[in-house]
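Colleague: sequence plus the predicted model coming up.
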Amino acid sequence: MADHHIEPSELGHELALEQFRLPADIATGVGDLYGTAPPDTAAAWVAMLRDRKRGYDGEPPTIEDLCTTDDGAHAFVDGDRSQSYICVLDPLVVPFLADTPGTIRSTTPERGAAVEITVAPDGVDYSHPNAVVSLGVADEVDCDSCPSIEETYKQVCPYIHVFEDEAEYETWAANTEAATTQVPVETGVALASAFAENLFGPAG
């Protein structure tokens, strides 16, 4: 299948997290996870992530806090180097956070299809025109059982994937015990860019 290209001016790098509203069930789950009121926007979610990290060890988030693994379904590939991650949002963050072009290679959870997203200075190429990215949080989370950053990741990371299309996402979501939603792949990339700036950036 031919690649599909997004020009930098069309990607929405300046996506306003304050305007990206979380579905009510996801907001409720995230609020339960962090023991706070539900965050109604992605900006509020980012603020909660930063506060939790600082409360845990007194430091802001860094690239070292991404959910790496030896055999994840999602990888960031830069030349001969490859690093796997538990959720697709993390390798999507890497090229923006590290200012390093590269390719995100993901295996979809239902069909086992290979989806590629390449982030470069001249834009983004992706292999599937109808690809979507999921966001979610486990059902019935209990923050009392989440004493560390790693434990909170376990409630969110398994529900962030890329899919060939919305139909694959819907099949997966119907059999997943989590509150989830999906966004077009270009929005997922724009969210990663905004997270890199706002979650890991010096401000905030």
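Modeller: Structure's in. What do you need?
Colleague: report pLDDT for residue 104.
Modeller: Residue 104 carries a pLDDT value of 97.
Colleague: repeat that for residue 166.
Modeller: You'll see residue 166 listed with a pLDDT of 97.
Colleague: wait, what's in contact with it?
Modeller: By C-beta atoms under 8 Å, 6 or more residues apart in numbering, the contact set of residue 166 is 130, 132, 182. Where C-beta positions appear, they are placed from N, C-alpha and C, glycine not excepted.
Colleague: same deal with residue 200?
Modeller: 60-63, 93, 97.
Colleague: between all of those residues, which two are separated the most?
Modeller: 60 and 93 (14.4 Å; C-beta to C-beta).
Colleague: the two: which has the busier surroundings?
Modeller: residue 93 (25 against 15; other C-beta atoms under 10 Å).
Colleague: for the more buried one, give its distance to residue 68.
Modeller: Residue 93 sits 12 Å away from residue 68, going by C-beta to C-beta, to the nearest Å.
Colleague: with residue 84 instead?
Modeller: 7 Å.
Colleague: go on, residue 187?
Modeller: 24 Å.
Colleague: ok, residue 75 next?
Modeller: With C-beta to C-beta as the criterion, residue 75 and residue 68 are 10 Å apart.
Colleague: so for these two, which residue has more residues nearby?
Modeller: Remark: of residue 75 and residue 68, residue 75 carries more neighbours, 21 against 16, as counted by other C-beta under 10 Å.
Colleague: anything in contact with each of residue 75 and residue 68?
Modeller: 83-85.
Colleague: out of these, the closest to residue 199 would be?
Modeller: Nearest to residue 199, judged by C-beta to C-beta, of the shared contacts of residue 75 and residue 68 is residue 85 at 15.3 Å.
Colleague: how about the strands in this protein?
Modeller: Counting by DSSP state E, the chain has strands at residues 4-6, 68-69, 74-78, 81-85, 102-107, 114-120, 123-126, 132-138, 162-163, 178-184.
Colleague: any chance of JSON lines for the ones you listed, columns distance to residue 46?
Modeller: What follows is these, written out as JSON lines (distance: least, C-beta to C-beta, whole Å):
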{"stretch": "strand 4-6", "distance to residue 46": "23"}
{"stretch": "strand 68-69", "distance to residue 46": "20"}
{"stretch": "strand 74-78", "distance to residue 46": "20"}
{"stretch": "strand 81-85", "distance to residue 46": "18"}
{"stretch": "strand 102-107", "distance to residue 46": "20"}
{"stretch": "strand 114-120", "distance to residue 46": "20"}
{"stretch": "strand 123-126", "distance to residue 46": "22"}
{"stretch": "strand 132-138", "distance to residue 46": "13"}
{"stretch": "strand 162-163", "distance to residue 46": "21"}
{"stretch": "strand 178-184", "distance to residue 46": "16"}
